[in-house]
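Visitor: sequence first, predicted coordinates after that:
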Amino acid sequence: MIFSPKPKTKELAPNLEVDFDRLVDMGKGPNSIVFLHGLFGTPEHYRDVMERLSDKYRVIAPQLPIDPQPGRRHDGMKSVADLSAVVANLVDVLKLDQFVLCGNSLGGLVAIDLCVRNPNYAKGLVLAGSAGLFERSPIRGLRSRPTREFVRQTVVGILYDESLVSEELVDHWHKSVMDRDYTRFLLRVSRATRDRSVEDELKSLDLPTMIIWGRDDEITPPSTGEDFQRLIRGSKLEFLDECGHAPNWEQPDAFAKLLDGFLPECFS
């Protein structure tokens, strides 16, 4: 279901308020999972996973304020901490007590940022193709008014399964990056992601952590997943074959199965 009615949020910077019209919220119960998408992601990329878990948990996926909207360049997100504030506000508004943070790519970095800044904040952490250590920018080479083929190849580079790259998806992102202001905003987000290194902070994490990585991830290669496991004490690492940078989107069955086995440890 979509969360309704709209609750009152804390005051945030312009263009950083939670869009409750696009919040996906399923299931119920005391234990929740908050799913955070990446730069080109949406809450819909978690829907299949959420449907598989909603009989046991409340599952929530917000639209992070990095999507194509007017004014992003001028008064939108400027640092990863801005996105962390958005998620923290959502957790507060929805009065979540026991929750696990699950993030893909930039969403993983936001989840880490929240956990290292706030010990004992979440009950568990799930990282999938997370930024924060090493990431090849998915928009490297982006210029003003890129061709449609450039956009197609950018999206293809994120996924192993090219059948997921629909013409509608390519058209949507091509239209978005034809907006020069939004393109400049994307470049700012990319720089902010690159500049937020968490290597020296990961050793401070002390919570159950599952790392799920695509064996064919070209954005954050498998060695990066291994680095996260090495640096996060007690973390578990699982690779998914024939899978790229977004395992929650490409292999929702396998992703949900891994979460189903991991989550009881977080809420025990």
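Guide: Ah, there it is. If you're wondering where the values come from, they're calculated on a predicted model, not measured in any experiment.

Visitor: roughly how far does the residue nearest to R72 when sequence neighbours are not counted sit from R191?
Guide: Excluding the flanking residues, the one nearest R72 by CB to CB, 6 or more residues apart in numbering is F185, at 4.2 Å. The C-beta positions use only the backbone N, C-alpha and C, and glycine is treated the same way. As judged by CB to CB, to the nearest Å, F185 and R191 stand 11 Å apart.

Visitor: ok, those two, which is more surrounded?
Guide: F185 (22 against 13; other CB atoms under 10 Å).

Visitor: pretty sure that one contacts R73?
Guide: Yes. Counting by CB atoms under 8 Å, F185 touches R73, with 4.2 Å between them.

Visitor: chain center to the helix or strand bottoming out on mean pLDDT in the chain: distance?
Guide: When the helices and strands of the chain are compared on mean pLDDT, DSSP states H and E, helix 72-75 comes out lowest with a mean of 79. In terms of CA atoms, centre = their mean, to the nearest Å, the centre of helix 72-75 is set 21 Å apart from its chain centre.

Visitor: and the helix or strand that it is followed by, what does it pack onto?
Guide: Downstream of helix 72-75, the next assigned helix or strand under DSSP states H and E is helix 80-93. The contact analysis (3 or more CB pairs under 8 Å, 6 or more residues apart in numbering; DSSP states H and E) places helix 80-93 against strand 31-36, helix 106-117.

Visitor: redo that, cut-off 6 Å
Guide: helix 106-117 (3 or more CB pairs under 6 Å, 6 or more residues apart in numbering; DSSP states H and E).

Visitor: quick one: the helix it packs on to helix 80-93, angle?
Guide: 80 degrees (axes from the mean of the first three to the mean of the last three CA atoms, to 10 degrees).

Visitor: name the element M210 belongs to?
Guide: Using DSSP H and E, M210 falls within strand 209-214.

Visitor: list the buried residues in the least confident helix or strand of the chain.
Guide: 72-73 (16 or more other CB atoms under 10 Å).

Visitor: what helices or strands is it leaning on?
Guide: With contacts defined as 3+ CB pairs under 6 Å, 6+ apart, the packing partners of helix 72-75 are helix 180-195.

Visitor: quick one: average pLDDT of the helix it packs on?
Guide: For helix 180-195, mean pLDDT rounds to 87.

Visitor: over to stretch 247-264?
Guide: Stretch 247-264 comes out at a mean pLDDT of 97.

Visitor: what's the nearest residue to P30 if we skip its chain neighbours?
Guide: In space, P30 is closest to Q98, 5.8 Å off (CB to CB, 6+ apart).

Visitor: quick check: beta-bridge partners of that neighbour?
Guide: On the basis of DSSP bridges, Q98 is bridged to N31.

Visitor: count of neighbours near it?
Guide: 15.

Visitor: enumerate every residue touching it.
Guide: By CB atoms under 6 Å, 6 or more residues apart in numbering, the contact set of Q98 is 30-31, 123.

Visitor: distance of Y46 from A128?
Guide: Noted for Y46: a distance of 10 Å to A128, by CB to CB.

Visitor: between these two, which contacts overlap?
Guide: With CB under 6 Å, 6+ apart as the test, Y46 and A128 both reach N248.

Visitor: distance check, T183 against V87.
Guide: Counting by CB to CB, the gap from T183 to V87 is 25 Å.

Visitor: could you do V126 as well?
Guide: Taking CB to CB as the measure, V126 falls 14 Å from V87.

Visitor: between Y46 and A128, which has more neighbouring residues?
Guide: A128 (31 against 28).

Visitor: contacting residues for the more buried one?
Guide: Neighbours of A128 in contact, by CB under 6 Å, 6+ apart: 104, 212, 247-248.
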